[in-house]
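J.: here is a sequence with its predicted model. Questions after.
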Amino acid sequence: MAKTKRILIVSSEFPPQPGGIGNHAYNLAKALQHSSFEVTVLVDSRSRTGKVEENFDINLPFNVIRIDISRFRPIMYLKRVKHYIKMSKHNDYIIASGKFSLWLVGFCTLFIKKPCLAIIHGTEVNFKSHILKGSIAKALKQFNYVVAVSNYTKQLVKHLKLKSIKVIQNGYDPESWNVTSTDLKKELKGSPKLITVGRISERKGQARVIEHLPHLIKTYPKLHYHCVGIDSEKDTCLQLAKALDIENHVTFHGEASQDYLKTLVSQCDIKVMLSTETKTGDIEGFGIAIIEANALGIPAIGSFGTGIEDAIAHGVSGQLIDSKNPVAFADAVSTILNNEAGFRKESLSWAEKHRWNIIVKQYVDVIESSY
């Protein structure tokens with residue numbers, strides 16, 4: 001009888017705290033566990049007491065080891081290294097996801113000889129600092145295999161000429177993204193209703209959408225834009241809306257629970273993500289929130305020149321545009337609304353292709369090719 005292969009996933013983020021890398025690591029761990037691997041996750045705690053994480057971890061089908069948070073960051077770094085060295089001895093395969101994880105696993109290959117896979121999302125391979133960019137490049141070259149979550153992300157490391165690299169798009173969990181009638185408790189205002197999900201930030205592009213609204217409101221005077229996510233830069237966006245005299249067309253909902261988020265998204269007409277690259281190199285490597293909206297039958301509008309190009313099937317599940325062009329944005333909205341039924345149907349079909357039980361098969365192929 002074949003021995004069950006043991007996989008260690010080292011991630012820079014993990015639920016219950018928000019973050020796309022954490023969402024990806026969690027779903028990958030769950031999908032690999034269901035694929036008959038024995039999975040362990042090594043990740044930091046992000047709350048002071050660790051109770052939030054402890055309550056979350058207790059019901060997981062795999063083991064999670066958390067590094068306690070410390071005011072003196074070097075202590076956490078040393079603990080990560082210590083735990084990784086110890087845990088790597090008891091696992092057959094290593095997966096690293098996130099900036100520090102790439103450094104840790106990459107450089108430890110100098111004395112830990114285990115097959116290992118790097119997952120790159122975007123920002124961690126797009127630093128503007130030559131020191132950070134160079135250190136990540138050196139780390140990546142130590143891995144047996146590299147997976148990029150989009151073709152855009154893959155292009156960011158083209159200059160490294162990595163021998164074994166492929167694109168595996170992000171997946172979504174269908175169990176978390178279905179809506180029952182009991183979820184629909186709040187009626188959202190607006191016709192049409194646009195929505196962006198994610199931290200209020202330059203990268204997610206809420207300000208750019210607000211800049212385009214005056215042009216769009218000329219055609220759709222009852223239009224309303226809903227922003228859901230941690231509102232760290234809410235004041236900047238709100239001031240912009242007031243300056244444009246459209247604050248009555250914008251609502252900031254703040255951070256939302258999973259059920260409330262589904263309620264909000266399912267009532268909207270179009271998911272919008274006009275992401276842009278920041279001066280520090282922070283970028284949208286894929287945009288899983290778009291696929292999650294598609295799973296509810298909501299088409300999307302997103303930016304060319306980002307990982308969102310892989311998340312949207314242009315003209316099928318939504319529209320891709322030059323995010324700086326208000327006319328292109330208005331045309332995209334009209335195109336979708338004029339064929340709403342068709343876009344909704346195709347969005348559901350597009351999301352079906354991104355179920356984790358389908359996506360994980362590509363990861364299994366990569367892992368098994370290492371033995």
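T.: Now that the structure is in, tell me what you want to look at. Residues are numbered from 1 along each chain as shown.

J.: how about the helices in this structure?
T.: Along the chain, counting by DSSP state H, helices occupy 20-34, 51-57, 73-88, 99-108, 130-140, 151-156, 206-217, 234-243, 258-266, 288-294, 308-311, 326-338, 340-352, 356-368.

J.: which stretch among those helices comes nearest Ile195?
T.: With respect to Ile195, and counting by C-beta to C-beta, the nearest of the helices of the chain is helix 258-266 at 6.0 Å. In this view, the C-beta of every residue, glycine as well, is placed from N, C-alpha and C.

J.: reformat the helices of the chain as CSV; add distance to Leu188.
T.: Putting the helices of the chain into CSV (distance: least, C-beta to C-beta, whole Å) gives the following:
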stretch, distance to Leu188
helix 20-34, 24
helix 51-57, 29
helix 73-88, 41
helix 99-108, 36
helix 130-140, 41
helix 151-156, 31
helix 206-217, 16
helix 234-243, 17
helix 258-266, 7
helix 288-294, 14
helix 308-311, 23
helix 326-338, 16
helix 340-352, 16
helix 356-368, 29
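
J.: can you list contacts of the worst-scoring helix or strand of the chain on mean pLDDT?
T.: Every helix and strand in the chain was compared by mean pLDDT, DSSP states H and E; the lowest is helix 73-88, with a mean of 87. With C-beta atoms under 8 Å, 6 or more residues apart in numbering as the contact definition, helix 73-88 has outside contacts at 8, 10, 40, 42, 44, 65, 67-70, 94, 100, 104-105, 108, 112, 114.

J.: now the buried members of those residues.
T.: Neighbour counting with 16 or more other C-beta atoms under 10 Å marks 8, 10, 40, 42, 44, 67, 69, 94, 100, 104-105, 108, 114 as buried within the contacts of helix 73-88.

J.: what's the lowest-pLDDT member of those?
T.: When these are sorted by pLDDT, the bottom entry is Ile69 at 80.

J.: was I right to think it contacts Glu53?
T.: No. The pair formed by Ile69 and Glu53 falls short of the contact definition of C-beta atoms under 8 Å, at 9.8 Å.

J.: okay, and the common contacts of those two?
T.: What both Ile69 and Glu53 touch, as defined by C-beta under 8 Å, 6+ apart, is the set 45-47.

J.: among the contacts of helix 73-88, name the ones in strands.
T.: Of the contacts of helix 73-88, the ones assigned to strands by DSSP state E are 8, 10, 40, 42, 44, 65, 67, 94.

J.: can you put these in TSV and add distance to Ile367?
T.: Below are those laid out as TSV (distance: C-beta to C-beta, whole Å):
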residue	distance to Ile367
Leu8	12
Val10	15
Thr40	15
Leu42	17
Asp44	24
Ile65	20
Ile67	25
Ile94	10
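
J.: picking that back up, any idea which of the helices of the chain gets closest to Gly171?
T.: Closest to Gly171 of the helices of the chain, according to C-beta to C-beta: helix 356-368, at 3.5 Å.

J.: and that closest one, which residues are buried?
T.: For helix 356-368, a neighbour-count test (16+ other C-beta under 10 Å) marks 356, 359-360, 363, 366-367 as buried.

J.: before I go, just wanted to say thanks for your time.
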